[in-house]
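Asks: Return atomic coordinates for the entry below.
(one chain, ligands or ions: 1)
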Amino acid sequence: MATDYKTLAGQEFDRAAFESLMKRKNFYWQSFEPHGPVKGLFDYGHPLATLEAQFLTIWRDHFVRKERMQELKCAMITPYNVFKTSGHVDKFADFMCKDPKTGEILRADHLIKDVLEARLKSDKEARGEKVEEAAEDPKKKKKQAKATKGAVKLDDEVRKQYEFLLATLDDYTGDDMGELIKKHDIRSPITGNEVEPPVSVNLMFQTQIGATGKEPAFLRPETAQGQFLSFQHLLEYNDGKMPFASASIGYSFRNELSPRSGLLRVREFLMAEIEHYVDPESGKQHSGFKKVRDLKLPLLSRQTQSEGGSEPTVITIGEAVDTKLVDNETLGYFIARIAMFMDKIGVDPAKLRFRQHMQNEMAHYAADCWDCELQTSYGWVECVGCADRSAYDLSVHMKATGVPLNVRESLKEPYRVEEWQAQLDKKKAGPLFKKDASKVQAALDSLTQDIREKLSLSLEKDGKVEVEVADMEAGKVELNKDVVSIQKESRLVTTREYIPNVIEPSFGIGRILYSLMEHAYWTREGDAARSVMSFKPTVAPIKVLLVPLQKDARFAPVVESLEEQLDERGLSYDTDSSGVSIGKRYSRNDELGIPCGITVDYQSLEDGTFTLRDRDTTKQVRAKAEDILDAVEKMVRGRWTWADVQAKLPAFESKEEEAKEE
Ligand SMILES: Nc1ncnc2c1ncn2[C@@H]1O[C@H](COP(=O)(O)OP(=O)(O)OP(=O)(O)O)[C@@H](O)[C@H]1O
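Replies: Okay, the predicted model is just below:
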């Protein structure tokens, strides 16, 4: 739908012009183009690949180094059992509707959203209200025109209902969406045909390990499970101390039903995920929270959304945790750190909010979940999910494998307890259950005291008991008195065992980069053709543009010397020695977002001074090479802004160059 989305200079955002710049400057394109583009797969050209590399350096510094996390690199091809256990095989799915006449597949929530938004837009037009038009491709416009057919003006009541449905759509189950589609006569926007009721479709790419087909596997749809299954290695490396965090940057794969919106919904994407392991009995406090508690953030609560509202409330994260709006300190700490990171890389703070998940949107085991959303010309987009996953993942893997994925802590004051113990006789159980013996013992270990007591009575009475065992083909085993003993024993407790809870910030890097590029884009006043990408010097793909004033052989050794000095400082640069006017050269490199321009002119030949131009203001200073390069380096390291440069180095105004910038 058309949005009131504006550039950072307050202009209408022209998506067609933005996309043309992305193409012209080789930021990204669809993969394998010569064979015909494949939806949801993209290649990054040098500017975007370099932007991503800068992003990752800052991300590692902000999270991994600062928080002393353990960085991991886990395998992407994942055996079937891992995702069966984690619940992905059964639940990692979206709802889709089929157009029975054409066979076209439509994602149910997207279908509802597109059609209702189109009807609201058409209603707005019918009532004579201005609809601000975001650039949209003609195909989509045609689709929307079809979808709005016959729905020109809406009753006030219906309009309110649609607005409420759109605000709460994330809370709908597949059945809810099916009813909604029927009730509001939602049809395929492409053909106008009625669609079949939503069915759940798994999003994982399936493959196999080896040639026999006996070992099914998946390409991972998130990096998290590899981290959880490495928990014992991580804990050991951390000398058994809690809390701590692991982090992993790597590719994930999702067979999205309807990839769309460019880089925002793709089938292969880079993620950066943190798993912070915490003792559930610690109240999930975080030692760093006091440093961030005064940070004000726009928080859109579940309550506001359930009332149909979409305006976040700006409060400190301290207040949000104190009032239990955000469940705990650790979750609050990461929400704050995510906001600080976004600020560091240059995300527009006015286009950032945190949205709490609706009850049905959240996984059943999650304690609380907030998405960091960035506003783009496509609307608000989830870019980082920040969830309290409780002890779910470690517990299910521990139960299924029998391998301890928990923490054992020595108690300062040991104590004695009377407990029901259920123990297999190893000598007899081994030959009986072979490789499954450890699963049977794990099943016994996971029984509660109450159940053990009941089983002991049955064992006494019937001489045998039946026990459910996960992951065994039969699903349960019968154990007789010879094989198992269940009795009350007194035990000295010297350790405490618990399964940590996990707070997980999960970053989709492509989505953040795309949003960042939209946030950085604007056009110079008076000339829509002169687009600028205002990347912060810290993330800009190329840091310096070297421009000799004219084609004159005397400039060559000076430019060469500057290039060597930039190399020594590890600063990336481009040299534009083409014959076009200096203003044009600046302009076309502003489109790449190069923050600093150093000009070599005739005065440089005489006194060794150079001008340094700021991309955003086009203002210049003049100084010796060393001072100029020091200033550039400080900006690139994030220590100085252009205002600092202006305060320290003399301003320079060149009538000739100003004229050429015009
Ligand atoms: N298809 C995709 N393309 C690009 N990035 C994605 C995609 N799916 C997820 N992400 C990114 O991964 C992050 C974490 O994934 P998560 O599973 O929480 O997303 P999700 O809730 O499934 O996203 P959505 O509801 O938009 O499909 C998201 O915040 C997003 O930035």
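Asks: What parts of the protein come near the ligand?
Replies: Residues of the chain lying close to the ligand by Cβ under 6 Å from any ligand atom are 254, 256, 265-266, 269, 271, 382-385, 506, 508, 510-511. The way it works is simple: take the backbone N, C-alpha and C, and place the C-beta from them, glycine included.
Asks: how about JSON lines for these, with secondary structure added?
Replies: Output for the residues of the chain next to the ligand, formatted as JSON lines (DSSP: H, G, I helix; E, B strand; the rest coil):
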{"residue": "Arg254", "secondary structure": "coil"}
{"residue": "Glu256", "secondary structure": "coil"}
{"residue": "Arg265", "secondary structure": "coil"}
{"residue": "Val266", "secondary structure": "coil"}
{"residue": "Phe269", "secondary structure": "strand"}
{"residue": "Met271", "secondary structure": "strand"}
{"residue": "Glu382", "secondary structure": "strand"}
{"residue": "Cys383", "secondary structure": "strand"}
{"residue": "Val384", "secondary structure": "strand"}
{"residue": "Gly385", "secondary structure": "strand"}
{"residue": "Ser506", "secondary structure": "strand"}
{"residue": "Gly508", "secondary structure": "strand"}
{"residue": "Gly510", "secondary structure": "helix"}
{"residue": "Arg511", "secondary structure": "helix"}
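Asks: List just the nearest of those residues to Glu478.
Replies: Closest approach to Glu478 among those (Cβ to Cβ): Arg254, at 42.3 Å.
Asks: Tell me how many other residues surround that closest one.
Replies: 22 (other Cβ atoms under 10 Å).
Asks: For it, give its distance to Arg267.
Replies: Noted for Arg254: a distance of 6 Å to Arg267, by Cβ to Cβ, to the nearest Å.
Asks: Regarding this structure, what is its longest helix?
Replies: helix 108-126 (DSSP state H).
Asks: tell me what that helix is packed against?
Replies: strand 93-98, helix 138-147, helix 156-168, helix 174-183 (3 or more Cβ pairs under 8 Å, 6 or more residues apart in numbering; DSSP states H and E).
Asks: switch to 6 Å and redo it
Replies: strand 93-98, helix 138-147, helix 156-168 (3 or more Cβ pairs under 6 Å, 6 or more residues apart in numbering; DSSP states H and E).
Asks: quick one: Tyr365 from Lys121, how far?
Replies: Tyr365 is 39 Å from Lys121, by Cβ to Cβ.
Asks: With neighbour numbers in mind, choose between those two.
Replies: Taking neighbours as other Cβ under 10 Å, Tyr365 and Lys121 compare with Lys121 leading, 18 against 15.
Asks: And this structure, what are its domain boundaries?
Replies: Taking automatic domain parsing as the criterion, the chain consists of the domains 15-74+223-392+503-508, 93-202, 413-494, 542-661.
Asks: Tell me the span between the first and last residue of the second one.
Replies: This means domain 93-202. Start-to-end span of domain 93-202 (Cα to Cα, to the nearest Å) is 4 Å.
Asks: Report the distance from that domain to the chain centre.
Replies: 26 Å (Cα atoms, centre = their mean, to the nearest Å).
Asks: got it, and the first one?
Replies: When C-alpha coordinates are averaged (Cα atoms, centre = their mean), domain 15-74+223-392+503-508 and its chain have centres 4 Å apart.
Asks: do the shortest one as well
Replies: Taking the mean of its C-alpha atoms, domain 413-494 sits 43 Å from the chain's own mean (Cα atoms, centre = their mean).
Asks: What of stretch 616-636?
Replies: Counting by Cα atoms, centre = their mean, stretch 616-636 comes out at 35 Å from the chain centroid.
Asks: just stretch 79-87 next, same as before
Replies: The answer for stretch 79-87 is 22 Å, by Cα atoms, centre = their mean.
Asks: count of neighbours near the spatially closest residue to Glu12 that is not a sequence neighbour?
Replies: In this structure, Glu12 finds its nearest non-sequential neighbour in Lys6, 6.7 Å apart by Cβ to Cβ, 6 or more residues apart in numbering. Lys6: 17 surrounding residues under other Cβ under 10 Å.
Asks: The domains of the chain: lowest mean pLDDT?
Replies: If you rank the domains of the chain by mean pLDDT, domain 93-202 sits at the bottom with a mean of 81.
Asks: which residues touch the closest residue to the ligand within the chain?
Replies: Taking Cβ to the nearest ligand atom, the ligand has its nearest neighbour within the chain at Gly508, 1.9 Å off. Residues in contact with Gly508 (Cβ atoms under 6 Å, 6 or more residues apart in numbering) are Cys383.
Asks: Tell me what it is bridged to.
Replies: Met271 (DSSP bridges).
Asks: Likewise for Pro216?
Replies: Gln208.
Asks: What separation is there between the nearest residue to Val469 once chain neighbours are set aside and Glu497?
Replies: Computed as Cβ to Cβ, 6+ apart, the closest residue to Val469 that is not its neighbour in sequence is Ala443, at 4.4 Å. Computed as Cβ to Cβ, the Ala443 to Glu497 distance reads 17 Å.
Asks: Counting neighbours, what do you get for the spatially closest residue to Gln70 that is not a sequence neighbour?
Replies: Leaving aside its sequence neighbours, Gln70 sits nearest to Ser246 (Cβ to Cβ, 6+ apart; 4.8 Å). Residues lying near Ser246 (other Cβ under 10 Å) number 27.
Asks: In this structure Ser246 contacts His276, no?
Replies: No: when contacts are counted by Cβ atoms under 6 Å, Ser246 is not listed as touching His276 (8.3 Å).
Asks: Minimum distance to Phe83: which of the domains of the chain has it?
Replies: Here domain 15-74+223-392+503-508 is closest among the domains of the chain (Cβ to Cβ), at 7.1 Å.
Asks: Same drill for Ala443 and Glu497, tell me which one is more crowded.
Replies: Neighbour count, other Cβ under 10 Å: between Ala443 and Glu497, Ala443 has more, with 21 against 10.
Asks: Give me the three-state assignment for the more buried one.
Replies: Applying three-state DSSP: Ala443 is helix.
Asks: And for Leu297?
Replies: strand.
Asks: Quick one: residues contacting it.
Replies: 317, 339.
Asks: rerun that using 7 Å as the cut-off
Replies: 314, 317, 335-336, 339, 354 (Cβ atoms under 7 Å, 6 or more residues apart in numbering).
Asks: do Ser258 as well
Replies: 106-107, 110.
Asks: Neighbours of Ser577, how many?
Replies: So Ser577, with other Cβ under 10 Å, has 15 neighbours.
Asks: related to what we said a few turns ago, okay, the residue nearest to Glu12: pLDDT?
Replies: 95.
Asks: Am I right that it is in contact with Ala350?
Replies: No: counting by Cβ atoms under 7 Å, Lys6 sits too far from Ala350 to count as a contact (9.4 Å).
Asks: Which strands and helices lie in contact with the helix or strand harbouring Ala245?
Replies: Ala245 is part of strand 244-253, with elements assigned from DSSP states H and E. In terms of contact count using 3 or more Cβ pairs under 7 Å, 6 or more residues apart in numbering; DSSP states H and E, strand 244-253 is assigned the packing partners strand 70-72, helix 224-228, strand 268-278.
Asks: looking at the ones you listed, which is closest to Leu447?
Replies: helix 224-228 (23.4 Å).
Asks: Can you name every helix or strand that the closest one contacts?
Replies: strand 244-253, strand 268-278, helix 392-401.
Asks: taking those together, which one is wrapped up most tightly?
Replies: strand 268-278 (a mean of 23; mean count of other Cβ atoms under 10 Å).
Asks: Identify all contacting residues around that strand.
Replies: Outside strand 268-278, the residues that reach it (Cβ under 7 Å, 6+ apart) are 41, 59, 63, 69, 222-224, 227-228, 242-253, 284, 330, 500-510.
Asks: Cool, thanks, talk later.
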